[in-house]
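Engineer: I'll drop the sequence and a predicted model, then ask my questions.
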Amino acid sequence: MKKMMVIAGLALALAACSDSAAPSVNENTVEDGNSANENNAVDHGIEDESVGFTLGDDGEVVEADVPKEAADEILAAYKEYIDAFNEEDLNRYMNVIASKPDGFDREEDEASLKEAFKAYDTSYKTSNETIVGYEENRAEVFAEIDVLVEEPETDRSTKQSGRQVVVFIKEDGNWKVTSLHFIGNQ
């Protein structure tokens, strides 16, 4: 089961975010889940603290002001990112990743996902997809996400849910994933 939790973290965090070879140990302290490595799974080493989302008085995520055409393109890129992952189509998935993403290594991510796709059946189910940040060449998409990881050889599975913000940049006229920020539910 520990292996299953590791892959869930891998799947949620675009994989391969840390160069640390030290195993993770849960000592039931406040620091558990907080990586000392600057490239942790939650923020991929991104120092931009402005990434995030705001809740309105009604408890709903506040949507950014985005031109309709741009919003359609961004949400289509987000859908392609999720669909390619769910179909375990590595080439298609890598086509949605920026050529030089912020905070993670593209080649390490690809190698890790290749192994994960071989060993596990993983699916993302998203809801409440909302563009929460927008500039001409940069956008942030918030979503609530459920991740199911199944190990076919053992029939074991684990499910994790949370909220994420996927940051996109415009590259060669297309929206590409450059970083991901995840907040797991307790």
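Structural biologist: Here it is on my side, so go on.
Engineer: mind naming the longest helix for this protein?
Structural biologist: Determined from DSSP state H, the single longest helix within the chain is helix 68-86.
Engineer: so what does that one touch, helix or strand wise?
Structural biologist: Under the contact criterion of 3 or more CB pairs under 8 Å, 6 or more residues apart in numbering; DSSP states H and E, helix 68-86 touches helix 90-94, strand 121-135, strand 138-151, strand 156-171, strand 174-184. For every residue, glycine as well, the C-beta is placed using N, CA and C.
Engineer: want to throw the ones you listed into CSV with mean neighbour count and distance to residue 75?
Structural biologist: Converted to CSV, those look like this (neighbours: other CB atoms under 10 Å; distance: least, CB to CB, whole Å):
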stretch, mean neighbour count, distance to residue 75
helix 90-94, 15, 17
strand 121-135, 16, 6
strand 138-151, 20, 7
strand 156-171, 18, 10
strand 174-184, 20, 9
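Engineer: got these as CSV, with mean pLDDT columns?
Structural biologist: Below are the helices and strands packed on helix 68-86 laid out as CSV (pLDDT from 0 to 100):
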stretch, mean pLDDT
helix 90-94, 97
strand 121-135, 94
strand 138-151, 94
strand 156-171, 94
strand 174-184, 91
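Engineer: may I see those organised as JSON lines, with distance to residue 70 added?
Structural biologist: JSON lines is the format used below for the helices and strands packed on helix 68-86 (distance: least, CB to CB, whole Å):
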{"stretch": "helix 90-94", "distance to residue 70": "22"}
{"stretch": "strand 121-135", "distance to residue 70": "7"}
{"stretch": "strand 138-151", "distance to residue 70": "8"}
{"stretch": "strand 156-171", "distance to residue 70": "9"}
{"stretch": "strand 174-184", "distance to residue 70": "9"}
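Engineer: closest to residue 109 out of these?
Structural biologist: Residue 109 lies closest, by CB to CB, to one member of those: helix 90-94, at 8.2 Å.
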